[in-house]
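Participant: For reference, the sequence and a predicted model appear below.
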Amino acid sequence: MVEQEPTAGHRLGAPDTLGISTLEAGQKPPAVPSGRRAAVRVRMLDDSEEIFDVSQRASGKVLFEMVCAHLNLIEGDYFGLEFQDHRKMTVWLDLLKPIMKQIRRPKHTVLRFVVKFFPPDHGQLMEELTRYLFALQIRQDLATGRLTCTDSSAALLVSHIIQSEIGDFEETQCRQHLLNNNYIPDQMALMDKIMDFHHTHVGHTPAESDYQLLEVSRRLEMYGIRLHPAKDREGTKLSLAVAHTGVLVFQGHTRINSFNWSKVRKLSFKRKRFLIKLRPDLNQSTYQDTLEFVMASRDCCKVFWKICVEYHAFFRLFEEPKPKPKPVLFSRGSSFRFSGRTQKQVMDYVKETEFKKLPFDRKHSRVQYNSALSPLPSPLHSQVPNQAEGRSQKELALVSSEDSAALRIRQSPSPSAQQNGQSDGVLWAGGEARGQAPGVRQQAAELHTADGAGLSVSLVNGHRRGDELNATIPSPDGQQPSPLTSPLLNDAGALRTDDEEENRRKRFPTDKAYFIAKELLTTERTYLKDLELITLTFQSVLSKEECVPESLRKLLKSSFEPLHTYHSDFLKELEQRLALWEGRSNAHIKGDYQRIGDVMLKNTQALKMLTAQLQKHAECVGELEKACVASRRLASVCRDFELQKACYVPVNVFILRPLHRLLHYKQILERLCKHYPATQPDFRDCREVQEKCSYMLKTDNYQRLLELQKDLLGVEGLAVPTREFIRLGCLSKLSGKGLQQRMFFLFSDVLLYTSRGITASNQFKVHGQLPLRGMTIRESEDEWGVPHCFTLVTPRQSLVVAASSISEMEKWMEDLKMAVDLAEDCSGPATSLLTNSHDVKSPGEWASEVESEDDLGGSRTSLERHGNSSAHHRGNTTVHVCWHRNTSVSMLDFSIATENQLSGNLLRKFKNSNGWQKLWVVFTNFSLFFYKTHQDEFPLASLPLLGYSVTVPAESENIHKDYVFKLHFKSHIYYFRSESEYSFERWMEVIRSATISSSRTRYLNRKEPY
């Protein structure tokens, strides 16, 4: 019984009253019935045994929930308790029946906690602990010979196991470990092959090794298979098994037939006969209505029938089936039903609920690490292992997946090396940040580092950050701060009282023209910082590299240095004019300084000369890409540069900033001209400058294709002049396995579909392409019974996909039809974007190829094969945000985001906090980036806005301040306060442009920006 002595659960840090997966959020485990008690022994997957003290009248559900709570396991529904009954048959513990009616001799019975339901994609497992337990199950199945495979696959599986247990390859240690531990039968014969594979896993953390172990295992034919002996009508010895797809028939360890759930009309048994009734198949001339198999006994039939019922309900139903009403007189047939959550309910529960991150220990692992017990994302997470290896102090920028939409940044109580992932509704941390303000734990940690000495790993717009913290930041009272307290909120200099704020407002002008001019100033500050990044920092890095072509050096220098000089002087003039306009000196008495058009007109001639050179910036992007393709060293230098904290968006975006800036000037001038009457002297100056500031070069499509090329694995030649990007986003693909989340990329000639795999580069593996020429699109919700479903039909294949909402479906269908029309007008031959998979396969994919159940293995580039870990920075790009939040964006959305860039000071407040915190905020690339001041070199954190809604606080929220707007996503709520009505309207406008995806119709109805 769980007595006073320390147990595994206490060692894992599990609280005594933690809710588990079979309960709704907020509920507690059911009260244990009173009465006589019994001690029940349960053997865990790590071979440890625990004793649970339960009432003899308690149901199986009570014991199962005690075990899950003991392990602090959220996704317990994938597991079950099995035991040998009095007939020496292995059966599952029925959760609805009293324990003592199932176990006659509890003192002599040991229940085994094992995996019961094996999902088709382990990316659907949201928690790291769940994947670890699955890995232990695979280890057991290998050792017992239940999971059979080829020698190559077995060696690869064992290599991932020992990587998680002893870490990186060291020949003597590896050989000795294999001699002392037996993982598979006849292991000695495969020792050299195991060591060869182990040598390729350098740098993998235990969590990554678990993931790769499951990745290889799920492709094996015997993965998750539990054989039940049977015979056919002719007496041939067979075995039956059940999987997520349906009922399988094996002869030995070879699958000879399968019956998909969609083809099965009814499963039943009569005495020793197990019956499968099939639906009529119009494509077959000889149709057999009922298949009959003979098993050893009626009990064997019933055991197998029960697990079939449970597998079907768990993987195919949306919710737990309701119990049948009890008959009045007598019953016919079994009353057994599936009890518990379905897989969909489990995944939805984990996606929508916040959990406190708790560490857990790996019994067999010698690798020092800090494991975090928190739900993932990909689908993430599919997702990425949330674990950093403290022994090697290795920084990993990893993202975890939750629903297709949400991600969490979690707090770790351990001072060891940690890592930070992407978060839905949670800020991505930068170097100095330290966690979460008191009272906002439900909104998760906004800024996260290790407490005390150690490593901080943070992500800003997909870029990894790592800083060593040699000392903690003391709190104002001299005590060490809590790791849950943000230094921003502790910084008294960043807080502003309401009285100070009101007094400050009264000193400044209230004219709308002043706030428009101030927007020009604040965005110019951000723009100059971006120019400095290329002019000073990036060129300084390139000057130290011999691999950089001289032509590229000259092109960058001639393009950016004159611009930097001009805008430095221009910013000084803007600051002086705004200072005079605000009246911070008595100089305003000597003249009319409450205008801005004259300053811009004065600088127009120089700006016009520079505008003629803007073609060079588009050339810079092309030349840099060619140089990176030609030199692997230069490509590595550019990737490393994008890992720097100041590089908060890709380098190509910074290079094209001057083109975008001209558009911003024109928009600001338009707002001034609209505000001024025609008789206003400043109106004439603004109008004249506006007419001269009309040059705009469109290069965003090429830059977007280059960025997407980096996010995709298994394609080549994507960035060509004739191809246009149209839309990217999440859709669910309907297959024999059910609905599977996929990332779709729509171009003017082809549609690619991918999934987010766990690779060193966080890229999306391309599974296939659909040419648009000849494609037809039709709604098919009634045909398949899936909400928001439509079918893509090409001459060679058809694809059934489902969107997350009716609006998403309409946007996809609209863009697809438009793209098909474009493709029909093109006369050139269709080209394949897929790379040759034979040239890029990894050892793991080669080893398991012959036993693969599908072709979703994907390919690996030469960059991955050489173990380049710097590619982790692709983890939080716009593509990944769309994946995690189950949404989509189009090229029109990117164009609108380019128009709507904004900078300025805002006051921020969390839902449960009291004070307002002043921050310098930059909006760009569908995200808010947060700085303490505009002089800071890099952002402290970022908040991706896709999926958020922006509204005005309701009266019930008690936000009694002017100009406040609210950002809301699921349980994450942030309040922001601006200084004027104009700035409030501008922030609402630009944020709405990022939170509401545009349809083509809505966009074309807008005023053309240029």
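Facilitator: Received, thanks.
Participant: Between the two ends of stretch 162-174, how far is it?
Facilitator: Chord length of stretch 162-174, first to last residue, is 8 Å (CA to CA, to the nearest Å).
Participant: And the contacts of it?
Facilitator: Here stretch 162-174 makes contact (CB atoms under 8 Å, 6 or more residues apart in numbering) with 135, 177-178, 183, 194-195, 198-199, 201-204, 206, 209-210, 213, 362, 364-367, 389, 391-392. To be clear about C-beta, it is placed using only N, CA and C from the backbone, and glycine gets the same treatment.
Participant: Please check the residues you listed and keep the buried ones.
Facilitator: Applying a neighbour-count criterion of 16 or more other CB atoms under 10 Å, the buried members of the contacts of stretch 162-174 are 135, 178, 183, 194-195, 198, 201, 204, 206, 209-210, 213, 362, 365, 367, 389, 392.
Participant: Go through these and flag which are in helices.
Facilitator: Using DSSP state H, the subset of the buried ones among the contacts of stretch 162-174 located in helices is 135, 178, 194-195, 198, 206, 209-210, 213.
Participant: So in terms of bridging, what pairs with residue 750?
Facilitator: Residue 750 forms beta bridges with residue 771, as assigned by DSSP bridges.
Participant: How about the one 5 residues further on?
Facilitator: Beta-bridge pairing of residue 755 under DSSP bridges involves residue 765.
Participant: what separates it from residue 157, distance-wise?
Facilitator: 22 Å (CB to CB, to the nearest Å).
Participant: The two: who's more crowded?
Facilitator: Neighbours per residue, other CB atoms under 10 Å: of residue 755 and residue 157, the larger number sits with residue 157, 29 against 21.
Participant: taking the mean pLDDT, what do you get for the helix or strand hosting the more buried one?
Facilitator: Take DSSP states H and E as the rule and residue 157 turns out to sit in helix 151-166. Along helix 151-166, the predicted local confidence has a mean pLDDT of 91.
Participant: how about it: buried residues?
Facilitator: Neighbour-count burial for helix 151-166, with 16+ other CB under 10 Å as criterion, is recorded at 152-166.
Participant: Correct me if wrong: residue 187 contacts residue 180.
Facilitator: No: the pair residue 187 and residue 180 fails to qualify as a contact (CB atoms under 8 Å) at a distance of 11.2 Å.
Participant: Looking at the two, which is more packed in?
Facilitator: residue 187 (18 against 7).
Participant: Tell me the backbone dihedrals of that one, please.
Facilitator: In terms of degrees, to the nearest 10, the main-chain angles of residue 187 are phi -70, psi -30.
Participant: ok, now residue 971?
Facilitator: Main-chain dihedrals, residue 971, degrees, to the nearest 10: phi -90, psi 0.
Participant: For it, give its distance to residue 944.
Facilitator: Applying CB to CB, one obtains 16 Å for the distance of residue 971 from residue 944.
Participant: out of those two, which sits in the busier spot?
Facilitator: Using other CB under 10 Å as the criterion, residue 971 and residue 944 rank with residue 944 on top: 30 against 15.
Participant: That one bridge partners, please.
Facilitator: On the basis of DSSP bridges, residue 944 takes part in beta bridges with residue 927.
Participant: likewise residue 81?
Facilitator: As for beta bridges, residue 81 partners with residue 113 under DSSP bridges.
Participant: show me what contacts it?
Facilitator: Listed by CB under 8 Å, 6+ apart, the contact set of residue 81 reads 42, 60, 63-64, 67, 92-93, 111-114.
Participant: Now do it, the pLDDT please.
Facilitator: The predicted local distance difference test score for residue 81 is 93.
Participant: same deal with residue 325?
Facilitator: For residue 325, the model assigns a pLDDT of 61.
Participant: likewise residue 697?
Facilitator: According to the model's per-residue confidence, residue 697 sits at a pLDDT of 52.
Participant: show me where pLDDT drops low in the stretch 551-700 of the chain?
Facilitator: By pLDDT under 70, the low-scoring segments of the stretch 551-700 of the chain are 584-592, 610-612, 693-699.
Participant: Also the stretch 251-400 of the chain?
Facilitator: Within the stretch 251-400 of the chain, the stretches falling below the threshold (pLDDT under 70) are 281-288, 321-337, 354-357, 367-400.
Participant: Let me know how buried residue 561 is, in neighbour terms.
Facilitator: The criterion is other CB under 10 Å. On that basis, residue 561 has 15 neighbouring residues.
Participant: Go ahead and confirm it touches residue 536.
Facilitator: No: using CB under 8 Å, residue 561 and residue 536 do not qualify as a contacting pair, with a distance of 9.6 Å.
Participant: and the gap between residue 252 and residue 160?
Facilitator: Using CB to CB, residue 252 is found at 27 Å from residue 160.
Participant: To clarify, my last question referred to residue 978.
Facilitator: Summarising the geometry, the distance separating residue 978 from residue 160, computed by CB to CB, is 52 Å.
Participant: same check, this time on residue 361
Facilitator: As defined by CB to CB, residue 361 lies at a distance of 19 Å from residue 160.
Participant: tell me the secondary structure for residue 573?
Facilitator: Reducing the assignment to helix, strand or coil with DSSP: H, G, I helix; E, B strand; the rest coil, the entry for residue 573 is helix.
Participant: what's the closest non-adjacent residue to it?
Facilitator: Counting by CB to CB, 6 or more residues apart in numbering, the nearest residue to residue 573 once its immediate chain neighbours are dropped is residue 599, at 5.3 Å.
Participant: buried sites along the helix or strand that the one you found is a member of?
Facilitator: Assigned by DSSP H and E, residue 599 falls within helix 597-611. Residues of helix 597-611 classed as buried by neighbour count (16+ other CB under 10 Å): 597-601, 603-604, 607, 610-611.
Participant: now, which of the residues you listed sits nearest residue 246?
Facilitator: The shortest approach to residue 246 among these belongs to residue 611, at 65.1 Å (CB to CB).
Participant: coming back round to it: which member of the buried residues of helix 597-611 is positioned nearest residue 890?
Facilitator: Comparing the buried residues of helix 597-611 against residue 890 with CB to CB places residue 611 closest, at 28.6 Å.
Participant: Distance check, residue 948 against residue 964.
Facilitator: Distance of residue 948 to residue 964, computed by CB to CB: 16 Å.
Participant: Neighbour count: the two, which is higher?
Facilitator: Neighbours around residue 948 and residue 964, counted as other CB under 10 Å, are more numerous at residue 948. The numbers are 24 against 18.
Participant: dump the residue contacts of the more buried one.
Facilitator: Contact criterion CB under 8 Å, 6+ apart gives 425, 967-969, 991, 994-995 as the residues in contact with residue 948.
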